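K.L.:
sequence? don't have it. structure:
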Ligand SMILES: NC(=O)c1ccc[n+]([C@@H]2O[C@H](COP(=O)([O-])OP(=O)(O)OC[C@H]3O[C@@H](n4cnc5c(N)ncnc54)[C@H](OP(=O)(O)O)[C@@H]3O)[C@@H](O)[C@H]2O)c1
């Protein structure tokens, strides 16, 4: 069992924390307003959960999930995350995040931006293409026919294996899209972004994805 730190405890963070606690992990939650604003969620999650500052959540986690609006990733603490597996759930919505030139001209991807901010961490893109509510309703035991699959992408093989084990434990098959730079294949407006897909369908969606400029 691991301690999972959360930078962000909104729709996705709280849902992943529920799955983590249900599966026996400890969670340390943080947000932008301070630990006292997370009292209700901590109470709901029970004794395996506590709230902290973002720095303390980053320090405490064996694995740390960054799940905040993309525009705020530069505030994610860097040093406490050195050497750690960092799960990146983030997506780019210009109307929320403002325009980010490197994403608009597709010279990088969202998870590569977080990796650039955290050069000593092992960033794995995951949980970005499933609606928050579905995380706790669509999971099924390993081996179930037509089980829903979720994509990972990352540059570190061991880090990806760690996150893949977590996803399997949370109730989903895993499809590896390759390195972080392939993460665009599951970004907003691609075929696999949102709908329920099994592993075979998701692989097909990844292959069919087109960059914005190619549409
Ligand atoms: N919602 C979905 O179904 C979904 C699905 C897949 C991926 N995503 C992506 O996952 C990310 C999180 O989405 P969400 O829907 O969970 O967002 P959300 O409900 O708006 O929650 C965002 C969380 O991030 C916290 N936060 C914001 N800035 C922060 C900072 N600088 N440091 C620490 N915490 C900070 C917020 O805390 P405060 O409330 O205190 O500000 C809040 O807890 C986004 O990039 C989103 O695009 C969302």
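P.N.:
Nice, thanks for sending it over. Predicted model only: the values in this text are computed from it and were never measured.

K.L.:
residues from the protein in reach of the ligand?
P.N.:
By C-beta under 6 Å from any ligand atom, the residues of the chain that approach the ligand are 7-13, 30-33, 37, 54, 67-70, 72, 75, 89-91, 128, 131-132. Using the backbone N, CA and C atoms, a C-beta is placed for each residue, glycine as well.

K.L.:
narrow these to those in helices?
P.N.:
Secondary structure assignment (DSSP state H) places 11, 12, 13, 54 from these within helices.

K.L.:
and of those, the nearest to residue 47?
P.N.:
residue 13 (18.8 Å; C-beta to C-beta).

K.L.:
state the mean pLDDT of stretch 2-15.
P.N.:
If you average the pLDDT over stretch 2-15, you get 98.

K.L.:
okay, how far is it across it, tip to tip?
P.N.:
The first and last residues of stretch 2-15 sit 17 Å apart, counting by C-alpha to C-alpha, to the nearest Å.

K.L.:
next, count neighbours for whichever residue of the chain sits closest to the ligand.
P.N.:
Distances between the chain and the ligand by C-beta to the nearest ligand atom are smallest at residue 10, namely 1.8 Å. A total of 15 residues lie near residue 10 under the criterion other C-beta atoms under 10 Å.

K.L.:
got it, and residue 46?
P.N.:
8.

K.L.:
any idea whether the nearest residue to it once chain neighbours are set aside is helix, strand or coil?
P.N.:
The shortest distance from residue 46 to any non-neighbouring residue, by C-beta to C-beta, 6 or more residues apart in numbering, is to residue 21 (6.6 Å). Recorded secondary structure, residue 21: helix (DSSP: H, G, I helix; E, B strand; the rest coil).

K.L.:
surely residue 9 meets residue 34?
P.N.:
No - using C-beta atoms under 8 Å as the test, residue 9 is too far from residue 34 to be in contact (11.3 Å).

K.L.:
follow-up on the earlier one: mind checking which of the residues of the chain next to the ligand are in strands?
P.N.:
7, 30 (DSSP state E).

K.L.:
just the buried ones from the residues of the chain next to the ligand, in PyMOL syntax?
P.N.:
Of these, the buried ones go into a single PyMOL selection, burial set by 16 or more other C-beta atoms under 10 Å:
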select buried, resi 7+8+9+12+13+30+31+54+67+68+69+70+89+90+91+128+132
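
K.L.:
can I get the ones in helices among the residues of the chain next to the ligand in CSV with distance to residue 169?
P.N.:
Shown next, in CSV, are those (distance: C-beta to C-beta, whole Å):
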residue, distance to residue 169
11, 21
12, 17
13, 17
54, 25
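
K.L.:
these: which two are farthest apart?
P.N.:
Farthest pair in these, by C-beta to C-beta: 11 and 54, 17.6 Å.

K.L.:
any chance you could map the strands in the protein?
P.N.:
Counting by DSSP E, the strands of the chain are 3-7, 26-30, 49-51, 63-66, 85-88, 122-126, 149-154, 173-176.

K.L.:
could I get the ones you listed as JSON lines with distance to residue 104?
P.N.:
Formatted as JSON lines, the strands of the chain follow (distance: least, C-beta to C-beta, whole Å):
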{"stretch": "strand 3-7", "distance to residue 104": "25"}
{"stretch": "strand 26-30", "distance to residue 104": "30"}
{"stretch": "strand 49-51", "distance to residue 104": "35"}
{"stretch": "strand 63-66", "distance to residue 104": "22"}
{"stretch": "strand 85-88", "distance to residue 104": "19"}
{"stretch": "strand 122-126", "distance to residue 104": "19"}
{"stretch": "strand 149-154", "distance to residue 104": "20"}
{"stretch": "strand 173-176", "distance to residue 104": "27"}
